[in-house]
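Chemist: Need a 3D model of the sequence below.
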Amino acid sequence: MASALYIHQNPFLQFQFASSSTPLPINPKPQTHIRNPKSIKSLQVDNANANSSELSSTRRPTNAKPTTKFIPAIYRLPPNFTSEDLMRVVSSQKDPEMALRIFRWASKQEGYTPDSLVYELMIRRLGFTGHFDKMRTVFDEMGFHNCGPTEGAFVSVMRIYTNAHMTDEALEVLKEMEVTGLQPPTQSYNYLLSVLVDEKRLKMVESLYSQMRAAGVQPDVKTFNILIKAFCRSNQMSSALSMLKEILNHGLVPDYITYNTLIRGLSKEGRMEEALELYKEMCSRGCVPNSVTHNVLLHGFCKQGRVEEATSLLKKISGTGFSPDRVTFNTLINGFCKAGEAPKAAELLQKMAAEGFEPDVITYNTLISGLCRKGKSQEAKRLLDEMVSADCDPDLVTYNSLISLMCKEGKVEEAREMFNELTSKGHEPDIYTHNIILHGLCKGGKVDAAAEFIGEMHAKGCVPDRVTCNVLMDELCREGRLNRAMQLLREMESKGCHPDIITYNTLIDGLCKKERVQEAEELFSEIDDRGITATHITYNSLIYGLCNVGRLEEATELIDEMLLKGLVPDKATYNCTLTAFCREGNIYKATDIIRMMIHNGWNPDAITYGTLIFGLCRSGRYESAIKILRAMPMKGMPLDAVAYNPILKYLCIRKRMREAMAIYTEMLEEGVAPNAQTYNTLFRGLCRGGGPIGAAIEFVENMMEKGFLPEITTFIDLLEGLCELGRGKTVVRLVNLAMQKGCLAESERAMVNGFLKIGKVEDAIIILGQLLDVKTI
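Modeler: Reported below is the predicted structural model:
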């Protein structure tokens with residue numbers, strides 16, 4: 001066969017190598033430029049052995065022969081090729097497995113041994129293309145060729161694994177590096193620490209840092225900065241601040257990243273005074289704050305609603321050479337918008353433009369969102385027009401803010417028009433946009449339209465999520481359409497949208513309010529079966545349902561179950577059960593509930609005491625009720641009408657009106673405002689207690705002057721009684737006062753007065769009763 005030079009120069013032979021379907025007849029003479037006297041025929045044989053370990057998985061074009069790429073690549077190597085030559089050829093291969101075949105072939109040539117640079121190149125070529133097993137084989141082979149593994153090889157493998165989210169494998173490689181006697185450099189530890197922080201594996205961060213120190217590797221400022229970042233992310237600010245001391249103890253100088261990270265952490269926790277102190281320390285140590293430092297501080301103040309302090313700080317730092325940037329303006333504009341000061345935010349927008357910063361989509365979105373939160377739809381729409389005029393394209397966030405406001409204002413059809421225009425404007429509505437419209441429809445009581453809208457979502461390929469279903473579920477339960485709500489639950493499951501605790505809480509609450517407690521209990525059991533954790537809201541709803549149907553013992557058992565599961569019953573839990581026992585007149589159980597409540601860390605409040613007073617009065621224990629009432633101020637409980645009303649009712653039912661009026665007088669002297677129940681209880685008592693009618697008249701007049709309409713039935717009884725006594729003028733006076741305080745329309749008042757004028761007082765009273773019935777408080 002001709003020499004290599006001849007082959008390279010002969011275009012016919014080159015063409016045959018590239019396109020011939022049959023092997024060329026080759027003279028088995030040794031080749032002058034190949035170290036090993038291995039014939040081209042043997043190369044063809046090697047090439048045909050596609051099942052060999054290093055060649056078995058070579059990817060080839062569908063109609064290409066094995067020789068098409070491999071042999072020409074070999075002949076690109078010059079005589080007595082070096083590692084540099086081999087690296088050039090290997091690097092030129094697009095297929096990493098072809099590169100591996102060339103590397104394998106070259107490694108077998110006499111007189112040539114790959115060096116560490118070649119191995120590192122192969123490790124990178126294989127690893128970064130996902131051939132991890134082959135990469136690992138090449139990496140392990142380095143030790144057999146007396147060239148490693150080197151530090152560069154270890155570092156490459158670690159980076160390859162972390163880039164592929166195989167951090168545990170990277171950590172194992174770090175341990176292997178230590179075993180081989182190579183001390184990993186600080187940079188390697190820093191790299192892996194940073195990866196672990198980004199993956200939020202904070203316990204592993206501490207573990208790796210301990211490993212680093214045990215290995216005698218000295219940390220640098222970057223190491224401590226990574227640890228500070230880890231502690232800040234896990235809200236361990238005291239540990240983060242202690243790292244600043246560690247930096248100084250190691251003779252290192254904290255940099256701007258150190259201070260910025262700590263200031264951000266303190267600002268995130270609302271510890272702005274400490275953040276400012278750290279800022280001052282930063283300046284005093286000669287570490288120059290950058291725009292990030294200043295913007296973080298400004299954002300911290302704005303987040304707390306301390307916008308004036310933020311603007312004051314801006315004035316101070318502007319004197320030190322800091323120039324506000326777009327982030328600064330956006331931060332302050334957002335702060336003013338959230339503080340409800342849209343005019344100041346608009347002023348900043350103008351100042352921003354004057355400073356040479358064109359408002360971006362974030363600026364406009366912040367302002368539009370702020371205006372929408374304040375319900376200023378017209379101003380928000382004007383700003384949208386200004387945004388478009390300024391060639392700043394609105395995004396989905398912009399439109400979502402406006403659509404949300406329209407829905408809140410009940411303009412759902414207008415919102416749907418904007419929703420329908422989104423696609424033509426280049427924006428595809430997302431699940432959040434759909435949920436806004438759905439919520440608007442439900443809030444407007446258009447549940448059927450909401451269900452149709454979900455169907456439209458499916459048709460457009462927008463799969464409803466839990467929020468979608470929960471919004472519809474809530475409205476169905478609110479309307480009492482529980483069967484449809486239960487059907488929706490099963491539909492969710494069938495379509496792969498798994499219900500969460502909010503779904504179950506909504507349904508259980510709806511069922512319990514309609515006394516369908518058994519179905520609620522079945523759903524409660526289903527929660528456990530699905531591995532969903534019940535909340536105190538779940539328990540409260542079921543306890544309320546059980547109390548409502550008289551299953552009080554089971555309700556108290558649920559409280560015990562809550563405690564066993566680590567859930568803390570709240571006052572609503574105890575007061576609900578307490579009310580149920582008091583209604584039954586079971587005062588012993590009621591006091592047990594109060595003891596349990598106190599034992600579990602809840603102090604009885606005014607509602608608790610009011611409920612207990614109600615229970616005592618219901619069971620006829622008036623004296624005990626009075627004692628509780630008298631003790632409330634001494635326990636720091638403000639007296640209110642809820643506490644007094646059961647006592648007044650107890651006395652009025654027993655026609656002890658003198659005592660009832662004395663309690664009422666005491667109530668007024670204590671500064672307790674009577675409510676509608678107070679007035680109507682006493683009014684009923686005065687009318688039916690056999691006392692002087694004048695007292696009833698005076699009381700009902702006073703009651704109406706205070707803005708409370710009397711209970712219609714009792715009021716009509718009083719008016720009819722006055723008619724029988726011939727006191728028509730008093731009847732007319734009371735009727736006119738009732739019409740005035742009841743805010744009757746002129747036409748309604750004219751109709752009642754018409755009957756009075758013609759002497760048909762009874763008819764006037766009947767008409768008045770019908771008109772006032774819906775207005776009685």
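Chemist: CA-only coordinates of stretch 147-159 in CSV, if you can.
Modeler: As requested, the backbone C-alpha atoms of stretch 147-159 are provided in CSV (Å, rounded to 0.1, in the frame of the first residue of the first chain):
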residue,chain,number,x,y,z
CYS,A,147,-0.9,10.3,35.1
GLY,A,148,-3.4,10.8,37.9
PRO,A,149,-6.2,11.2,38.5
THR,A,150,-5.1,14.8,38.7
GLU,A,151,-6.7,17.7,40.5
GLY,A,152,-8.0,19.0,37.2
ALA,A,153,-9.6,15.6,36.5
PHE,A,154,-11.3,15.5,39.9
VAL,A,155,-12.5,19.1,39.6
SER,A,156,-13.9,18.3,36.1
VAL,A,157,-15.8,15.2,37.3
MET,A,158,-17.3,17.1,40.2
ARG,A,159,-18.5,20.0,38.0
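Chemist: Contacts only, for residue 224.
Modeler: Listed by CB atoms under 8 Å, 6 or more residues apart in numbering, the contact partners of residue 224 are 243-244, 246-247, 250, 252, 254, 258. Backbone N, C-alpha and C define where each C-beta goes, glycine included.
Chemist: Report how many residues lie close to residue 332.
Modeler: Residue 332 is flanked by 26 other residues according to other CB atoms under 10 Å.
Chemist: so which helix or strand takes in it?
Modeler: Using DSSP states H and E, residue 332 falls within helix 326-338.
Chemist: Which neighbouring elements make contact with that helix?
Modeler: Using 3 or more CB pairs under 8 Å, 6 or more residues apart in numbering; DSSP states H and E as the contact criterion, the secondary-structure elements in contact with helix 326-338 are helix 291-303, helix 307-318, helix 342-354, helix 361-373.
Chemist: What is the burial count for the residue nearest to residue 551 when sequence neighbours are not counted?
Modeler: For residue 551, the nearest residue in space outside its immediate sequence neighbours is residue 517; the separation is 7.3 Å by CB to CB, 6 or more residues apart in numbering. Neighbour count of residue 517, defined by other CB under 10 Å: 21.
Chemist: What pLDDT is listed against residue 517?
Modeler: Residue 517 is assigned a predicted lDDT (pLDDT) of 94.
Chemist: gap between it and residue 483?
Modeler: Between residue 517 and residue 483 the distance is 16 Å, computed by CB to CB, to the nearest Å.
Chemist: what comes up buried for stretch 377-397?
Modeler: If you call a residue buried by 16 or more other CB atoms under 10 Å, then stretch 377-397 has these buried ones: 377, 379-381, 383-384, 387, 392, 394, 396-397.
Chemist: quick one: which of those is nearest residue 647?
Modeler: Proximity to residue 647 was ranked across the buried residues of stretch 377-397 by CB to CB; first place goes to residue 377, at 50.9 Å.
Chemist: can you tell me which residues contact the closest one?
Modeler: If you count contacts by CB under 8 Å, 6+ apart, residue 377 has them with 371, 402, 405-406, 409.
Chemist: So which of the residues you listed are in helices?
Modeler: Using DSSP state H, the members of those that fall within helices are 371, 402, 405-406.
Chemist: Count the residues that sit near the nearest residue to residue 76 once chain neighbours are set aside.
Modeler: Taking CB to CB, 6+ apart as the measure, residue 76 lies nearest to residue 89, with 5.2 Å between them; neighbours along the chain are not counted. Counted with other CB under 10 Å, residues neighbouring residue 89 total 19.
Chemist: again with residue 246
Modeler: Applying the criterion other CB under 10 Å, we find 14 residues in the vicinity of residue 246.
Chemist: Going by secondary structure, it is in what exactly?
Modeler: Take DSSP H and E as the rule and residue 246 turns out to sit in helix 237-249.
Chemist: Pull out the buried positions in that helix.
Modeler: Within helix 237-249, the residues that qualify as buried are 237, 240-241, 243-244, 247, counting by 16+ other CB under 10 Å.
Chemist: Same list (the residues you listed) but as CSV, adding distance to residue 419.
Modeler: Below are those laid out as CSV (distance: CB to CB, whole Å):
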residue, distance to residue 419
237, 44
240, 45
241, 49
243, 50
244, 51
247, 54
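Chemist: Closest to residue 414 out of these?
Modeler: residue 237 (47.3 Å).
Chemist: was I right about the closest one contacting residue 231?
Modeler: Yes - Residue 237 is within contact range of residue 231, at 7.1 Å (criterion: CB atoms under 8 Å).
Chemist: Quickly list what's touching both of those two.
Modeler: Common contact partners of residue 237 and residue 231 (CB under 8 Å, 6+ apart): residue 265.
Chemist: How many residues are close by residue 457?
Modeler: Summarising burial for residue 457: neighbours were counted as other CB under 10 Å, giving 20.
Chemist: Geometrically speaking, which residue is the centre of the protein?
Modeler: For the chain, the residue nearest the mean C-alpha position is residue 467 (12.0 Å; CA atoms, centre = their mean).
Chemist: Give me the three-state assignment for that one.
Modeler: Going by DSSP: H, G, I helix; E, B strand; the rest coil, the secondary structure assigned to residue 467 is helix.
Chemist: ok, back up a step: show me what the helix or strand the residue nearest to residue 76 falls within is packed against.
Modeler: Secondary structure assigned from DSSP H and E places residue 89 in helix 83-92. In terms of contact count using 3+ CB pairs under 8 Å, 6+ apart, helix 83-92 is assigned the packing partners helix 96-107, helix 116-127.
Chemist: Looking at those helices, which one is packed in the most?
Modeler: Per-residue neighbour counts averaged over each of these give the maximum for helix 116-127, namely a mean of 22 (mean count of other CB atoms under 10 Å).
Chemist: Hey, what's the angle from that one to helix 83-92? Just curious.
Modeler: Going by axes from the mean of the first three to the mean of the last three CA atoms, to 10 degrees, helix 116-127 is angled at 10 degrees with respect to helix 83-92.
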